[in-house]
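Asks: sequence and computational prediction follow.
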Amino acid sequence: KNEVEQSPQNLTAQEGEFITINCSYSVGISALHWLQQHPGGGIVSLFMLSSGKKKHGRLIATINIQEKHSSLHITASHPRDSAVYICAVFGSSNTGKLIFGQGTTLQVKP
Amino acid sequence: GAGVSQTPSNKVTEKGKYVELRCDPISGHTALYWYRQSLGQGPEFLIYFQGTGAADDSGLPNDRFFAVRPEGSVSTLKIQRTERGDSAVYLCASSLGLAGYETQYFGPGTRLLVL
């Protein structure tokens, strides 16, 4: 079993829909990253959080440390949101080494 | 430059050859990370540096892989006797410090294809 699991692996939505991507992890962590990767493109950090909730534009990330679970929400989804979304955690050894989930491929259709 | 850069962007080589992949981190970033991403998978950790020293190389798959960062800035990932299974995107990232709460900034990756 992977230390970081994401669901769903693939997601197709219609423009305007509310989207949720889930991430569960089995190790102790100091912080969690949500990353975005466009086809053929580099990885961009969306959020880094260790507690509570963060919001940036139409994106919201939440984390529940006790339940070892995080969610990434996209409101009013748009085709340009189509990308791979990756959850990654920093282990609690605090070395900066990231442990990645397998990614969720999102396609938003117009 | 403003971001992490990697060269080459694409590399095609033949099985058994030696390759070097270069990473230029953001200026002032002391921590540098190498990851490998196979098609359809999330990245996996290879090695990271704090300054010139490799702080953790536990992700290197075998002794054909080696990485250096001699002056604490640019890093080179070296792969000897390449195998078809080494084909992947090799990602470099850097951060201000080596800690579990520093944002990592990723380069565009080097796409390695071993024929």
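Replies: Nice, thanks for sending it over.

Asks: all contacts plus neighbour counts: C-alpha atoms, from now on.
Replies: Noted.

Asks: please see if the helix or strand of chain B with the lowest mean pLDDT touches chain A.
Replies: Counting by mean pLDDT, DSSP states H and E, chain B has its least confident helix or strand at strand B:53-56, which shows a mean of 86. No. Legend: contact between strand B:53-56 and chain A by CA under 8 Å from any CA of the partner chain is lacking; minimum distance shown is 8.6 Å.

Asks: what residues sit buried inside that strand?
Replies: B:54-56 (16 or more other CA atoms under 10 Å in any protein chain shown).

Asks: next one: the next helix or strand after that strand to chain centre, how far?
Replies: Sequence-wise, the next helix or strand downstream of strand B:53-56 (DSSP states H and E) is strand B:65-68. Taking CA atoms, centre = their mean, to the nearest Å, one finds strand B:65-68 lying 9 Å from the centre of the chain it belongs to.

Asks: and the closest residue to residue A:61 other than its chain neighbours, which of the three is it?
Replies: On the basis of CA to CA, 6 or more residues apart in numbering or on different chains, the spatially nearest residue to residue A:61 that is not a chain neighbour turns out to be residue A:72, at 4.5 Å. Three states are possible here, and by DSSP: H, G, I helix; E, B strand; the rest coil the one that applies to residue A:72 is strand.

Asks: parallel or antiparallel, list what pairs with the least confident helix or strand of chain B.
Replies: Strands adjacent to strand B:53-56 in the sheet, as given by DSSP bridges, are strand B:44-50 (antiparallel).

Asks: residues from chain A in reach of chain B?
Replies: A:30-31, A:41-45, A:48, A:86, A:90-103.

Asks: who is the residue nearest the centre of chain B paired with across the strands?
Replies: Residue closest to the mean C-alpha point of chain B, counted by CA atoms, centre = their mean, is residue B:34 at 3.3 Å. Applying DSSP bridges to residue B:34 yields these beta-bridge partners: residue B:47, residue B:92.

Asks: ok, now which ones touch it?
Replies: Residue B:34 makes contact with B:45-48, B:90-93 under the criterion CA atoms under 8 Å, 6 or more residues apart in numbering or on different chains.

Asks: swap in residue A:39?
Replies: A:83-84.

Asks: same thing but at 6 Å, please
Replies: Counting by CA atoms under 6 Å, 6 or more residues apart in numbering or on different chains, residue A:39 makes contact with nothing.

Asks: same question for the one 5 residues further on.
Replies: For residue A:44, the residues meeting the contact criterion (CA under 6 Å, 6+ apart) are A:35-36.

Asks: beta partners for it?
Replies: Residues in a beta bridge with residue A:44, per DSSP bridges, are residue A:36.

Asks: please apply the same query to the one 10 residues further on.
Replies: Under the criterion DSSP bridges, residue A:54 forms beta bridges with residue A:61.

Asks: just the buried residues from the residues of chain A next to chain B, in ChimeraX please.
Replies: Below is the selection syntax for ChimeraX that covers the buried ones among the residues of chain A next to chain B, with 16+ other CA under 10 Å defining burial:
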select /A:30,31,43,44,45,48,86,90,91,95,96,97,98,99,100,101,102,103
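
Asks: can you tell me which of the residues of chain A next to chain B end up in strands?
Replies: Using DSSP state E, the members of these that fall in strands are A:30-31, A:43-45, A:48, A:86, A:90-91, A:98-100.
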